[in-house]
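Chemist: The sequence and its predicted three-dimensional model are supplied below.
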Amino acid sequence: MLLQRAIIALTLGPLALFLVYLGGWFFFIPLTGILLLASVEYVHMANKLNWHLSAWVLAPLVLAQFVAAWWPQLEIEGPLMLLSLFIIMVYALWLYERKNVQAAPAAWMGMIGGLMLFGWVAGHFFRLRGLDVEDAWKLTILALVATWSADSGAYLVGRFLAGNILGRHRLSPRLSPNKTVEGYLGGIVFGTAVTLIAAAVMQLPLIPALIIGIIIGTLGTFGDLAISLLKRESGVKDSGTIFKEHGGALDRIDSLIWSVAITYYLVLFLNRFIPL
């Protein structure tokens, strides 16, 4: 299993970085496909809880948010979000009136949650890559590297060092029993170190990279835990099977969705003091 995970990671990781570097349609189309697939996986898991979400409604609304984020010059993000929220409200009313679905309130909130997570938060993939700063692709890669390295560091420390060497204290016993405090802290340290190395290689300022590495390493895990909550309640191990041992699309980007959004706003803030 570990070998299969490593093979998939070593294949998909460099490919993702290369697409970020290329930008344009080479970046937009594959990423849009992955994010839309993740939103469909979210719908399937939520519907195991009888939330009555609709991928046919959610996916187009999410796609519209991506278009608005990728082409900010259109200035349609606000109107599209308002229209999307209105459509979701009408969908919930239709469920209740025409289908007699008592879970219509859950459908309403679940659809809004999906729109915000996959449409707005995940839309920061496009906002970060399209930032009007020099070499925005490097900052996007830095966010990916910070997330992946923190996750890998947490896995390695939790698997090989936690226990007899460092002790083993569960980070979230109910949501993810295998995650440990030792792994979490190790992930922060390892992720920050790798982020600094990546920044040095790409000739990015090290102080912002240090801040990004620490914050992403600290906060990224919570995106993973949030999806673990949905998976546990819906009774599934993985959100999907498209990546085999790596699970579904949502399993691969649950932390990244938040990490990229956080990096976007960190860059906007830090760029005031240290040009990026």
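Modeler: Structure's in. What do you need? This one's a predicted model, so the numbers in the text were calculated from it and none came from an experiment.

Chemist: so where's the longest strand in this protein?
Modeler: With DSSP state E setting the assignment, residue counts place strand 176-180 as the longest strand in the chain.

Chemist: Moving C-terminal from that strand, which element do we reach first?
Modeler: Next helix or strand after strand 176-180 toward the C-terminus (DSSP states H and E): helix 181-201.

Chemist: Quick check: what element follows that following helix along the chain?
Modeler: Later in the chain than helix 181-201, the nearest helix or strand by DSSP H and E is helix 206-234.

Chemist: Report the mean confidence score over that next one.
Modeler: For helix 206-234, mean pLDDT rounds to 94.

Chemist: how about the strands in the stretch 51-200 of the chain?
Modeler: Read by DSSP state E, counting those that start in this stretch, the stretch 51-200 of the chain holds these strands, from start to end of the chain: 170-172, 176-180.

Chemist: who does the longest one touch, helix- and strand-wise?
Modeler: When you say that, I think you mean strand 176-180. Taking 3 or more C-beta pairs under 8 Å, 6 or more residues apart in numbering; DSSP states H and E as the contact definition, the neighbouring helices and strands of strand 176-180 are strand 170-172, helix 206-234. (Each C-beta comes from the backbone N, C-alpha and C, glycine too.)

Chemist: quick one: contacts for the nearest residue to residue 192 once chain neighbours are set aside?
Modeler: Of all residues not flanking residue 192 in the chain, residue 213 sits nearest, at 3.6 Å (C-beta to C-beta, 6 or more residues apart in numbering). Residues counted as contacts of residue 213 (C-beta atoms under 8 Å, 6 or more residues apart in numbering) are 146, 150, 191-196.

Chemist: buried stuff in stretch 263-276?
Modeler: By neighbour count, and taking 16 or more other C-beta atoms under 10 Å as the criterion, the buried residues in stretch 263-276 are 263-264, 266-267, 270, 276.

Chemist: Quick one, which of the helices and strands packed on strand 176-180 gets closest to residue 66.
Modeler: Proximity to residue 66, assessed across the helices and strands packed on strand 176-180 by C-beta to C-beta, is greatest for helix 206-234 (18.7 Å).

Chemist: picking up where we left off before, could you say which of the helices and strands packed on strand 176-180 is packed most deeply?
Modeler: Highest mean neighbour count among the helices and strands packed on strand 176-180 (mean count of other C-beta atoms under 10 Å): helix 206-234, with a mean of 19.

Chemist: Could I have the CA atoms of stretch 40-59 written out in PDB?
Modeler: The C-alpha coordinates for stretch 40-59 follow below in PDB (Å, rounded to 0.1, in the frame of the first residue of the first chain):
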ATOM      1  CA  VAL A  40     -19.800  15.600  -6.900                       C
ATOM      2  CA  GLU A  41     -18.100  13.300  -4.300                       C
ATOM      3  CA  TYR A  42     -19.200  15.800  -1.700                       C
ATOM      4  CA  VAL A  43     -22.800  15.500  -2.900                       C
ATOM      5  CA  HIS A  44     -22.700  11.700  -2.900                       C
ATOM      6  CA  MET A  45     -21.400  11.600   0.700                       C
ATOM      7  CA  ALA A  46     -23.900  14.100   1.900                       C
ATOM      8  CA  ASN A  47     -26.800  12.200   0.300                       C
ATOM      9  CA  LYS A  48     -25.900   9.200   2.300                       C
ATOM     10  CA  LEU A  49     -27.000  11.300   5.200                       C
ATOM     11  CA  ASN A  50     -30.300  12.100   3.300                       C
ATOM     12  CA  TRP A  51     -29.400  15.700   2.600                       C
ATOM     13  CA  HIS A  52     -30.900  15.500  -0.900                       C
ATOM     14  CA  LEU A  53     -28.300  17.600  -2.600                       C
ATOM     15  CA  SER A  54     -28.100  17.800  -6.400                       C
ATOM     16  CA  ALA A  55     -24.900  17.600  -8.300                       C
ATOM     17  CA  TRP A  56     -26.800  18.800 -11.400                       C
ATOM     18  CA  VAL A  57     -27.500  22.000  -9.600                       C
ATOM     19  CA  LEU A  58     -24.300  22.500  -7.600                       C
ATOM     20  CA  ALA A  59     -21.700  21.700 -10.300                       C
END
